[in-house]
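Chemist: okay, here's the prediction I keep looking at, along with the sequence it came from:
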Amino acid sequence: AVAKRSLVRIATSAFGTATTIGGVDFAIFRDTSAVWDLRVENPPAFSQEVTREGGPMPFMTLDEVRLGLRWESLLSDVWRLQEISLMGAALNIVQNPDWTSNAAVIASHLQLVSNWTP
């Protein structure tokens, strides 16, 4: 439960929008960890989109994310991933009439928090 809450907090901060996770398995004795039912909500300016069921359309959903990393990596500030696998991925890109998009907003936030420059 602690790992799940921490990962939700990290993901929400990284994406700059609400993120939920259904389950987490950080493997100590295996080289593969997993996250299930990852959902990244749209930024507020794009949250008017709705699903067929009438709920808010997320920016991204992933049924499962498998991370190939050694458990020692979890103890450091930087995780060294050997492999990443995404299963059941759905990405919903919305573009407004002024050419702004939810993907650009989230990408710029990821760039800002990671100090990454292309």
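Modeler: That came through fine. Numbering: from 1, shown residues only.
Chemist: over to Ala107. Which of the three states is it?
Modeler: Secondary structure, DSSP: H, G, I helix; E, B strand; the rest coil: Ala107 is helix.
Chemist: what segments of the chain are strands?
Modeler: 19-20, 23-25, 32-40, 60-68, 83-91 (DSSP state E).
Chemist: distance from the second one to the middle of the chain?
Modeler: Averaged C-alpha coordinates place strand 23-25 at 14 Å from its chain's average position (CA atoms, centre = their mean, to the nearest Å).
Chemist: and it, what does it pack against?
Modeler: helix 2-15, strand 32-40 (3 or more CB pairs under 8 Å, 6 or more residues apart in numbering; DSSP states H and E). For the C-beta atoms, the positions are set from N, CA and C on the backbone; glycine is no exception.
Chemist: who wins for proximity to Leu81 among those?
Modeler: Leu81 lies closest to strand 32-40 among the helices and strands packed on strand 23-25, at 10.0 Å (CB to CB).
Chemist: what distance separates stretch 80-96 from the centre of its chain?
Modeler: 8 Å.
Chemist: any idea how far stretch 48-65 is from the chain center?
Modeler: Distance, centroid of stretch 48-65 to centroid of chain: 13 Å (CA atoms, centre = their mean).
Chemist: likewise for stretch 101-114?
Modeler: The answer for stretch 101-114 is 12 Å, by CA atoms, centre = their mean.
Chemist: go on, stretch 17-37?
Modeler: 11 Å.
Chemist: which strand residues bridge the closest residue in space to Ala89 that isn't next to it in sequence?
Modeler: Take Ala89 and drop its neighbours on the chain: the residue closest to it by CB to CB, 6 or more residues apart in numbering is Leu62, 5.3 Å away. Assessed by DSSP bridges, Leu62 has beta-bridge partners Leu38, Ala89.
Chemist: list the residues that contact Leu62.
Modeler: By CB atoms under 8 Å, 6 or more residues apart in numbering, Leu62 lies in contact with 35, 37-38, 86-90.
Chemist: mind putting those in TSV, neighbour count, pLDDT and distance to Arg80 included?
Modeler: Shown next, in TSV, are the contacts of Leu62 (neighbours: other CB atoms under 10 Å; pLDDT from 0 to 100; distance: CB to CB, whole Å):
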residue	neighbour count	pLDDT	distance to Arg80
Val35	22	92	17
Asp37	14	97	25
Leu38	24	96	21
Leu86	12	94	18
Met87	11	97	22
Gly88	12	97	25
Ala89	12	96	23
Ala90	12	95	28
